[in-house]
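Enquirer: coords please:
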Amino acid sequence: MRFTKSRALLVSFLAAISLSLVGCRFFGGSQESTDKIKLSIGFWPQSSDKNDTAMYTAWKDAFEKDNPQYTIVGEPYIYSKETIGTKYATGTLPMVYQTWFTEPQTLKNSGYIRDITGILDDEYGWADDMDDEMRATLTFDGKIYGVPRDGYGLGLLLNIKTLGDCGLLPEDENGKYVLYNKDGSPAYPTTFEQIYQYSQTIVDNTANTLGLFVCTSNKNGGWQFSNMAWNYGAHLETQNNDGTTTANLDCPEAVNAMNWLQSMSQAGLVYKGISIAYDDWPSAIGDRVGMAIVGSDVLHLAKTTGDVDMSNLAFVPMPTGDGVHHYSLYGGTPYVFDANTTDDQVRGILKFFDYIGRSPTTNDSNISAIKEGYGVSVKKGQPIVPKIKAWKNADYLEIANALEKQYTTVDMAYYSPFFDTISQYKHAEEPVAAQSMYELLDDVIQAIFTNPESSNAQSLLTSANAKLQKIFDEMQG
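Expert: All right, here's what the predicted structure looks like:
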């Protein structure tokens, strides 16, 4: 067991639990009339997902057998900014649930989540094992408000068959398309100007395939565009010394990025529409586009949703716009705890993490669960691609990386350009009102795509910037 500080404390805690708990339901983090401590798990799989549900049920049974003082209750909840307030007010939030890394600060400021610092660090000793960037995203005023699940980075997904058939990639001696020229330089696009050129070649040499997939709705377009803008040198938000935030959506670098996107639209090189969502890319990357900007955590969807042969795809770093800046938007999924969840319940949930492969320990239960997760993925026919891990401690990573190598099903020659370099290119999402910013940028992209000849990127971004600044001002009192 790797509960360095916690083992003695936890044994003492368990021995002290009373079997005659108060017979009422507390608001929010609830405790039913029972002699067991209820742990409600909001990231429980939906009942329609039979394989994952069976796996979680087996973990629940093993956990409750080994820890009879707890009862696990699956309460599937998909986080939504539109529902979170109502669910908190009505006490219907599960004790722990998943969200996005853009949300913890807002959730903390709203009083919806609690800090778990003392239990996570003093009792379990996990705080120092956490990925540095993920920990920073979950830490406010020195307190930690969640546990990371995993991370992702945005990159450029290539249909190498499309690019190769258009003469854009070289072949090796066996006639297989490769990502590097004989001199070792990348044959894939490393600049946005090259994306334009590659897109033009694809359009010129195919009947119905476009160059690049770009989202325009559900805040997905703005999310993708923020990475484009950074790679032109933009700083979309400025954190001032007095604690306020200034919006910079119309800075020259962001305008340059939007002008590039407008030029792609004008030339008919981009997959576009006013309601293109992120869920649309798996079907598009098959034969509708040659390239798409996607996160590393969803690459398997190309096969499971789009029915695309993963051997026809490659994943490379985001291109630069100005030849200097070269970032990958780095986000992920944290688990956060409802503000009314008790210390006893937090302890139990963290202990449950050790049964589902979500802790940094090398305990048999944790490692066995990781293996089971891979096994279920294989059973479902889901491609297995490397993940950006939540924990950094060497003993855990040695085992986790070995298992990942054992189970990975893609040709890493096509995916290593991204995964070998992501640590160099990480760029966290903008820290204040990122989701609102994405929505405003969606509107700009929609306008650009609707009227590519007459739209003015500078004017549109200036208008969006004023709206974002108003949001900042309201937040800052």
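Enquirer: what's the burial count for the spatially closest residue to residue 450 that is not a sequence neighbour?
Expert: Excluding its sequence neighbours, the residue lying closest to residue 450 (Cβ to Cβ, 6 or more residues apart in numbering) is residue 274, at 6.4 Å. For the C-beta atoms, the positions are set from N, CA and C on the backbone; glycine is no exception. Number of residues near residue 274 (other Cβ atoms under 10 Å) recorded here: 14.
Enquirer: Would you agree residue 274 is in contact with residue 447?
Expert: No - look at residue 274 against residue 447 with Cβ atoms under 8 Å: they stay out of range, at 9.1 Å.
Enquirer: Name the residues contacting each of these two.
Expert: Both residue 274 and residue 447 lack any common contact, where contact means Cβ atoms under 8 Å, 6 or more residues apart in numbering.
Enquirer: Grab the nearest non-local neighbour of residue 334.
Expert: In space, residue 334 is closest to residue 146, 4.2 Å off (Cβ to Cβ, 6+ apart).
Enquirer: residues in contact with that neighbour?
Expert: 104, 113, 116, 138, 334, 335, 336, 337.
Enquirer: Distance check, the closest residue to the fourth one other than its chain neighbours against residue 333.
Expert: Taking Cβ to Cβ, 6+ apart as the measure, residue 138 lies nearest to residue 146, with 4.6 Å between them; neighbours along the chain are not counted. Counting by Cβ to Cβ, to the nearest Å, the gap between residue 146 and residue 333 amounts to 10 Å.
Enquirer: Near residue 275, how many other residues are there?
Expert: 10.
Enquirer: Can you show me the strands along the stretch 351-477 of the chain?
Expert: Secondary structure of the stretch 351-477 of the chain (DSSP state E, counting those that start in this stretch): strands at 388-389, 426-428.
Enquirer: Return the most buried member of those strands.
Expert: strand 388-389 (a mean of 20; mean count of other Cβ atoms under 10 Å).
Enquirer: for that one, packing partners?
Expert: strand 147-159 (3 or more Cβ pairs under 8 Å, 6 or more residues apart in numbering; DSSP states H and E).
Enquirer: helix or strand for residue 330, which one?
Expert: Using DSSP states H and E, residue 330 falls within strand 328-337.
Enquirer: for that strand, what is the average pLDDT?
Expert: For strand 328-337, the mean pLDDT works out to 97.
Enquirer: Nearest residue to residue 409 in space, please, no chain neighbours.
Expert: In space, residue 409 is closest to residue 384, 4.7 Å off (Cβ to Cβ, 6+ apart).
Enquirer: What of residue 155?
Expert: residue 418 (4.5 Å).
Enquirer: Repeat that for residue 404.
Expert: Nearest to residue 404 is residue 386, by Cβ to Cβ, 6+ apart, at 5.7 Å.
Enquirer: Residue 305 now?
Expert: residue 282 (4.0 Å).
Enquirer: Do I have it right that the one you found meets residue 300?
Expert: No - the pair residue 282 / residue 300 is not scored as a contact, 9.3 Å apart, by Cβ under 8 Å.
Enquirer: Compare neighbour counts for the two and give me the winner.
Expert: Using other Cβ under 10 Å, the more surrounded residue of residue 282 and residue 300 is residue 282, with 23 against 19.
Enquirer: Return the residues in contact with the more buried one.
Expert: 301, 302, 304, 305, 306, 308.
Enquirer: how close does the third one get to residue 169?
Expert: When you say that, I think you mean residue 304. 25 Å.
Enquirer: For the residue nearest to residue 305, identify the helix or strand it belongs to.
Expert: Counting by DSSP H and E, residue 282 is found in helix 281-287.
Enquirer: returning to that earlier point: and the strand holding residue 330 with strand 147-159, angle?
Expert: 150 degrees (axes from the mean of the first three to the mean of the last three Cα atoms, to 10 degrees).
Enquirer: Strand 328-337 packs against which elements?
Expert: strand 96-98, helix 104-109, helix 132-137, strand 147-159, helix 220-230, helix 343-353, helix 422-425, strand 426-428.
Enquirer: Make CSV out of these and add distance to residue 84.
Expert: As requested, the helices and strands packed on strand 328-337 are arranged in CSV below (distance: least, Cβ to Cβ, whole Å):
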stretch, distance to residue 84
strand 96-98, 9
helix 104-109, 7
helix 132-137, 18
strand 147-159, 18
helix 220-230, 19
helix 343-353, 19
helix 422-425, 30
strand 426-428, 22
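Enquirer: Out of the ones you listed, flag the one nearest residue 457.
Expert: helix 220-230 (11.1 Å; Cβ to Cβ).
Enquirer: Would you mark the buried spots in the next helix or strand after that closest one?
Expert: Following helix 220-230 in sequence order, the next helix or strand is strand 237-239 (DSSP H and E). Buried residues in strand 237-239, defined by neighbour count with 16 or more other Cβ atoms under 10 Å: residue 237.
Enquirer: What helices and strands are in contact with the next helix-or-strand element following strand 237-239?
Expert: Using DSSP H and E, the next helix or strand after strand 237-239 towards the C-terminus is strand 245-247. Counting contacts by 3+ Cβ pairs under 8 Å, 6+ apart, strand 245-247 is packed against strand 237-239, helix 457-475.
Enquirer: Centre of the chain to strand 245-247, how far?
Expert: 24 Å (Cα atoms, centre = their mean, to the nearest Å).
Enquirer: what packs against the helix or strand following it?
Expert: Using DSSP H and E, the helix or strand that follows strand 245-247 in sequence is helix 252-266. Judged by 3+ Cβ pairs under 8 Å, 6+ apart, the packing partners of helix 252-266 are helix 192-205, helix 220-230, helix 434-450, helix 457-475.
Enquirer: Pull out the buried residues from helix 252-266.
Expert: Under 16+ other Cβ under 10 Å, the buried positions of helix 252-266 are 253, 254, 255, 256, 257, 258, 260, 261, 262, 263, 264, 265.
Enquirer: ok, now stretch 54-73?
Expert: 55, 56, 59, 60, 63, 64, 67, 70, 71, 72.
Enquirer: Thanks a lot, catch you later.
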